[in-house]
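# Need coordinates for the below:
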Amino acid sequence: MQRLYETMNEMPIVPFVRQCDYAVRKPWVMPERRLLDYLLIYVQEGECRFYVDDKNYRMGRGEFCLIQPNSYNKLAGLTNTVTPFAHFDIFYHPRREESFATKAGQTQLSAYAHLLQPRLDELMATDIPVKLVPKHEGKFRDTFLKVVEQWQHNDPIMQLKAQAGMLDIVSMIVEQYAPSAPPSKAATTALDWVTSYLSFRLGESVSVADMAKRANLSISRFNELFKAQYGMTPHRYLLDMRVSHACELLRETPLSQETIADYCGFSDIHHFSKMFRSRMMMSPGEYRRST
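Alright, predicted model coming up:
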C-alpha cells in the first residue's frame with residue numbers, strides 16, 4: 001500500500017468518467033487493444049467472453065468485469081447483450097482531457113505513455129480480479145447504473161453527480177481489495193479516507209478540527225500524520241483540490257465564476273480569484289480563455 005500512498009501525493013484519487021453508455025447489441029466483437037484508462041463493464045443481459053491478459057472469462061448476466069490500464073484484451077458478446085460500461089480514470093492527471101478510450105487494434109501505447117493511468121493492483125500489491133465480485137453487490141450495481149444514466153446528461157450538475165458516483169465505485173473496490181495493513185502502519189492508514197472525504201465536501205466549510213475528530217486524533221497529531229502521509233498541510237491539500245476542481249469546471253462547463261467559486265467552497269469570488277491566482281499564476285478568466 002505504500003506505493004499507493006506515494007502515488008496519491010502526486011496524483012490524488014479523483015475519479016473522472018471519460019465515457020459511459022448502455023451498449024445494446026447483437027452478437028459483437030471488439031478486437032484486441034490495450035487501455036490507457038480503466039474499463040468497467042456490467043453484463044445486464046446476455047452472455048459474453050472476455051479475453052484479458054492471457055485468460056478467458058465467460059461472463060453472464062449480473063456479472064462485472066474490470067479491465068485495468070495497459071491490459072491486453074479482446075471482448076465479445078456471444079448473444080444479444082446489454083452491457084452498460086464506463087471508461088474512467090482513478091488518479092488525477094492534469095492532462096486527462098487528452099486521454100481517450102482506445103480503439104480496436106491499438107495495442108502499442110508508447111506514444112501515449114504519459115497518459116497511462118497507474119494500475120491499482122500494482123500500487124496496492126494485491127490481486128484485483130477481472131471478474132469482479134463486489135462485496136456489496138446491490139449497492140455497487142445500483143451506483144454504477146446510476147453513474148451511467150447520469151453521465152448521459154449534458155447538465156453540469158448531473159455530470160458532477162456521475163463523477164461523485166464513480167468515486168463511490170472506486171472506494172468500494174479499494175476498500176474490498178486493499179490488503180490488511182500491518183500494525184506498524186495503523187496510524188498512517190487511518191488517513192486513507194481523507195481524499196474521498198474532502199472530494200465530497202469541496203463546497204462545504206471543512207476545518208482541520210473536523211478531520212481530526214473524524215480520525216479520532218488530536219489536531220496536532222492529525223496535522224503531523226497528515227503531513228507525513230500527504231507531504232503538505234491539510235489546508236494546502238484541500239485548497240489544491242478546490243483549485244483543481246475549479247480548473248476542470250472552467251475548462252469543461254459554461255458555469256459562471258461565481259457559481260464555480262461556490263461549488264468549490266470559496267467564500268466569494270474575490271477569495272476564489274486570489275487563491276486561484278496564487279496556485280495557477282493567472283486569474284480564472286485568463287485560465288478559461290487559455291484552454
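
# neighbouring contacts of stretch 266-278?
With contacts defined as CB atoms under 8 Å, 6 or more residues apart in numbering, stretch 266-278 is touched by 239, 242-243, 246, 257-258, 260-261, 264, 283-284, 287. For glycine as for every other residue, the C-beta is placed from the backbone atoms N, C-alpha and C.

# Okay, and which of those residues map to helices?
Using DSSP state H, the subset of the contacts of stretch 266-278 located in helices is 239, 242-243, 246, 257-258, 260-261, 284, 287.

# ok so, going back, now compare the contacts of stretch 266-278 and name the two farthest from each other.
239 and 258 (18.8 Å; CB to CB).

# the more surrounded of these two?
residue 239 (19 against 12; other CB atoms under 10 Å).

# and that one, what does it touch?
Neighbour list for residue 239: 275, 279 [criterion: CB under 8 Å, 6+ apart].

# Residue 13 now?
So residue 13 contacts 90-92, 167, 170, 174, 195-196 (CB under 8 Å, 6+ apart).

# about what we covered before: so can I have JSON lines of the contacts of stretch 266-278 showing pLDDT?
Formatted as JSON lines, the contacts of stretch 266-278 follow (pLDDT from 0 to 100):
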{"residue": "239", "pLDDT": "90"}
{"residue": "242", "pLDDT": "91"}
{"residue": "243", "pLDDT": "91"}
{"residue": "246", "pLDDT": "91"}
{"residue": "257", "pLDDT": "93"}
{"residue": "258", "pLDDT": "94"}
{"residue": "260", "pLDDT": "93"}
{"residue": "261", "pLDDT": "91"}
{"residue": "264", "pLDDT": "91"}
{"residue": "283", "pLDDT": "93"}
{"residue": "284", "pLDDT": "92"}
{"residue": "287", "pLDDT": "90"}
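
# From those, list just the buried residues.
239, 242-243, 246, 257, 260-261, 264, 284, 287 (16 or more other CB atoms under 10 Å).

# what packs against the helix or strand in which residue 173 is found?
According to DSSP states H and E, residue 173 maps onto helix 156-177. When contacts are defined as 3 or more CB pairs under 8 Å, 6 or more residues apart in numbering; DSSP states H and E, helix 156-177 packs onto strand 13-25, strand 81-91, helix 120-124, helix 137-151, helix 194-199.

# now for the fourth one, which elements pack on it?
With contacts defined as 3+ CB pairs under 8 Å, 6+ apart, the secondary structure elements packing on helix 137-151 are strand 13-25, strand 38-43, strand 63-67, strand 81-91, helix 156-177.

# quick one: it to chain centroid distance?
Remark: helix 137-151 is offset 15 Å from the chain centroid, using CA atoms, centre = their mean, to the nearest Å.

# Average pLDDT for that helix, rounded please.
Averaged across helix 137-151, pLDDT comes to 95.
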